[in-house]
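*Asks:* Need a 3D model of the sequence below.
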Amino acid sequence: MKTIANTLPARVLRTLALTVVAIVAPTVLLLAQGATPARPAVPRYPIEEFFHTTAYGGASFSADGRRLLVSSNATGVWNLYEIPVAGGEPRPLSASTTDAVRGIGFFPADDRVLYTKDQGGNELAHIYVREPDGGVRDLTPGDKHRAQFAGWSRDGKWFYVATNERDQRFFDLYEYAVDGYARTVFYKNEEGYFPGAVSPDRRYLALGKAITTNNSDVYLHDRTTGETKNLTPHTGAVSNGAAGFSADGKVLYLTTDAGHEFVYLLKHDLATARRDTIVRPNWDVMGAGVSRGGDHLVVWINNDARTELHVYQLPSMRRVTLPEVPGADLTGVTFSADDRQMAFYANASRAPNDLYVMAVGASTPRRLTQSLSPRLKPEHLVDGKVARFKSYDGMEVPGILYLPHGASAAGKVPGIVLVHGGPGGQARLGWNPLVQYLVNSGYAVYDINNRGSSGYGKTFFAMDDRKHGEADLGDVVAAKTLLAGTGVVDTSRAAVMGGSYGGYMTLAVLTLQPEAFAAGVDIFGPANWIRTLRSIPPWWTAQKDALYAEMGDPGVDSLRLVRVSPLFNAGKIRRPLLVLQGANDPRVLQRESDEIVAAAKKNGVPVEYLVFPDEGHGFAKRENQLKGYGAVVEFLDKYVKKASRITT
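*Replies:* Prediction:
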């Protein structure tokens, strides 16, 4: 779902007058004209090779700067590891065989580690501390609440955790002492704010307030006076957010799209209330933060579905020259406590996240991981390319196109329109093992950014509000014109597929445009909007009004919600359907998938259904990825690739 808590709206309406052929890679131009460029012979790899690629995420320097804490699924389940900065094999710090363990960071002055873990994907995560001797302590015990790490104090003596244990609707902020873990209430949240950054002197707390999904405010709570002040009063829809305090506590960095299609970065002087714009690109600022030592400002920009990383020296705002990793985006940057070392990840379509480290100012980083399966040859994988098309009403819609090696006008391949979640998410360039597996299996994939996606301006972002299953669904169906325009895709053998909101879009296509695609794959998608909106997790209460403003209020907009809910239109399903569902999913209840499967079967169409008892809203375990995504390709091979051509 599109939420203030986990999505920084990114918006602009692109109006470039480009045809699909003009904006796809030159290879596609040649293929569309009938030429067949030389391509390498590519074997069909088993699914294990794509998902046995090791995933890495997060990075935190140890107090001595000699090691990095990371999370990895090297064993098939996410666990904690430390990697020497000088290079060497990762050393495991946890050994979970069931629940995913995600690292938060080393303690500022010793080798203790904070991490988070839920139970079977139920999203009721707790915060744990791992002692140097391997002992573990749950700092947020209980079985009905959710805990979120909220940062370290600048002096390293405290850390902050938000939990909804007092009131399941709202998150209070607690301060923990690094020595002894004594806990006190730092902020009691009774107004439905989102607690944010704490100032270095612990006097101020930044708070977020959702009005709608593209309209929000930042408040500043003064713990000395008890006053809570709106820093961003405005009229109309403006998306405002807090990016953190400066190291001296005199400045609060803010993001906003006031007067602009894109989100930009400014600084707010707490003493004078003066504001200065400091980074205003023609794309969205995705996020920003000050390094641990306070010497650097890091800014992430969403440049046409790529991550563009900027690092600035403070206070001069001099741009720091970053190393180049050929063909890759730099992400996940973090600094050592003294700001002398920087770690980051590099990621590309044909290269999963790999971790690098370097001295600040150096030109050559040291690579610490080799994540791609050694049996996968990079030249056998494919690069995603940004491609746009004119939709049903002339609107230009972007996405990312992946074409298999060997596709040609004489040997057309089946296609897949892949729909992201959200609904305000974004298909982005980078490593996606499922996409690479699908392409290696002979499918062209168009990862669409239909209207309502973030990253292309606030106008584009809001175009699906209260039009879900209508305005955005039309884009998904129209995307077949892009596939046809390549000249190498047989659109009579095209499937629609997606997870979460993308799963809903799959079901919506099969019920509201039942002849448009040859088959559909729904991965934990809602089928009944009335029930889904009424059964949202209690910890979403603070943003419920914003969600209802976008999707519709089930108490007021029931007629429209019924009209676009797949369950109430399931009698129209005519194409084969595969559904994957996690039994512990708190967002899309299993009942949603149970009912749509039962309804589709009544139509006499092929329906396959897999339920994973130890997963929630997504796959966290490799064995389930292998089973679930293996079933996807088997299903598509049976009902799309090998099926008789369907006239559409």
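*Asks:* Start from the N-terminal end of the chain and give the helices.
*Replies:* All helices of the chain, identified by DSSP state H, fall at 20-23, 26-32, 47-51, 433-440, 458-461, 471-478, 480-485, 501-512, 529-534, 544-551, 558-563, 590-601, 622-636.
*Asks:* For those, state which one has the densest average packing.
*Replies:* helix 501-512 (a mean of 28; mean count of other Cβ atoms under 10 Å). In short, each C-beta sits where N, CA and C put it, glycine included.
*Asks:* does L139 really touch F159, like I thought?
*Replies:* No: using Cβ atoms under 8 Å as the test, L139 is too far from F159 to be in contact (9.4 Å).
*Asks:* Looking at the two now, which is surrounded by more residues?
*Replies:* Shown here are L139 and F159; by other Cβ atoms under 10 Å, F159 has more neighbours (25 against 18).
*Asks:* List the residues that contact that one.
*Replies:* 114, 149-153, 175-176, 178 (Cβ atoms under 8 Å, 6 or more residues apart in numbering).
*Asks:* Could you tell me the model confidence score at A17?
*Replies:* On the pLDDT scale, A17 is placed at 24.
*Asks:* shared neighbours of L139 and F159, anything?
*Replies:* Y176.
*Asks:* and stretch 305-316, average pLDDT?
*Replies:* For stretch 305-316, mean pLDDT rounds to 94.
*Asks:* same thing with stretch 97-116?
*Replies:* 95.
*Asks:* tell me which residues of it are tucked away?
*Replies:* 99-108, 111-116 (16 or more other Cβ atoms under 10 Å).
*Asks:* now for the residues you listed, which pair is the farthest apart?
*Replies:* Based on Cβ to Cβ, the longest span within the buried residues of stretch 97-116 runs between D99 and P108 and measures 26.7 Å.
*Asks:* one step back: tell me which of the contacts of F159 fall in strands.
*Replies:* 114, 149-152, 175-176 (DSSP state E).
*Asks:* ok, of these, which one's closest to M463?
*Replies:* Among these, and counting by Cβ to Cβ, the member closest to M463 is A150, at 33.3 Å.
*Asks:* The closest residue in space to that closest one that isn't next to it in sequence: neighbouring residues, count only.
*Replies:* Closest residue to A150 apart from its sequence neighbours, by Cβ to Cβ, 6 or more residues apart in numbering: Y160 at 3.9 Å. Per other Cβ under 10 Å, the neighbour tally for Y160 reads 22.
*Asks:* Just the pLDDT for the residue nearest in space to the middle of the chain.
*Replies:* Closest to where the C-alpha atoms of the chain average out (Cα atoms, centre = their mean) is G425, at 6.8 Å. Looking at G425, its pLDDT is 93.
*Asks:* Surely it is in contact with S454?
*Replies:* Yes: using Cβ under 8 Å, G425 makes contact with S454 at a distance of 6.7 Å.
*Asks:* Distance-wise, check D329 relative to W431.
*Replies:* For D329, the distance to W431 equals 10 Å [Cβ to Cβ, to the nearest Å].
*Asks:* hang on, I meant F612
*Replies:* F612 is 23 Å from W431, by Cβ to Cβ.
*Asks:* Next: A508.
*Replies:* Taking Cβ to Cβ, one finds A508 at 28 Å from W431.
*Asks:* Next: R137.
*Replies:* 35 Å.
*Asks:* do V279 as well
*Replies:* 27 Å.
*Asks:* Neighbour count for those two, which is higher?
*Replies:* Ranked by neighbour count (other Cβ under 10 Å), V279 and W431 place W431 first, with 22 against 18.
*Asks:* check contacts around the more buried one.
*Replies:* W431 touches 347-353, counting by Cβ under 8 Å, 6+ apart.
*Asks:* Show me the longest strand that occurs in the chain.
*Replies:* strand 489-499.
*Asks:* Paired strands for that one, with orientation please.
*Replies:* strand 413-419 (parallel), strand 519-523 (parallel) (DSSP bridges).
*Asks:* out of those strands, nearest to A546?
*Replies:* The closest of the strands paired with strand 489-499 to A546 is strand 413-419. By Cβ to Cβ, the value is 22.0 Å.
*Asks:* How about A427, nearest residue that isn't a chain neighbour?
*Replies:* Leaving aside its chain neighbours, A427 sits nearest to D447 (3.8 Å; criterion: Cβ to Cβ, 6+ apart).
*Asks:* can you put the helices of the chain in TSV and add mean pLDDT and distance to L69?
*Replies:* Putting the helices of the chain into TSV (pLDDT from 0 to 100; distance: least, Cβ to Cβ, whole Å) gives the following:
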stretch	mean pLDDT	distance to L69
helix 20-23	25	42
helix 26-32	30	42
helix 47-51	95	24
helix 433-440	97	24
helix 458-461	94	35
helix 471-478	96	40
helix 480-485	97	42
helix 501-512	96	32
helix 529-534	88	37
helix 544-551	81	34
helix 558-563	91	44
helix 590-601	95	35
helix 622-636	95	21
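*Asks:* So which of these is nearest R318?
*Replies:* So among the helices of the chain, helix 458-461 is nearest, using Cβ to Cβ, at 30.6 Å.
*Asks:* Can I get the closest one in CSV, CA atoms only?
*Replies:* Extracted in CSV, the C-alpha atoms of helix 458-461 (Å, rounded to 0.1, in the frame of the first residue of the first chain):
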residue,chain,number,x,y,z
LYS,A,458,3.1,14.4,-7.9
THR,A,459,0.6,14.8,-10.7
PHE,A,460,1.4,11.3,-12.1
PHE,A,461,1.4,9.9,-8.6
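*Asks:* Domain-wise, how is the chain divided?
*Replies:* 20-36+376-641, 60-367 (automatic domain parsing).
*Asks:* Just say which of these is most tucked in.
*Replies:* When you average the neighbours per residue for each of the domains of the chain (mean count of other Cβ under 10 Å), domain 20-36+376-641 leads with a mean of 21.
*Asks:* now G142, nearest residue through space, not along the chain?
*Replies:* Here the nearest residue to G142 in space, its sequence neighbours aside, is E165; by Cβ to Cβ, 6+ apart that works out to 5.7 Å.
*Asks:* and the one you found, what does it touch?
*Replies:* By Cβ under 8 Å, 6+ apart, E165 lies in contact with 140, 142, 144-145, 147, 172.
*Asks:* Low-confidence ranges, this structure, go.
*Replies:* Within the chain, the stretches with pLDDT under 70 are 1-40, 643-648.
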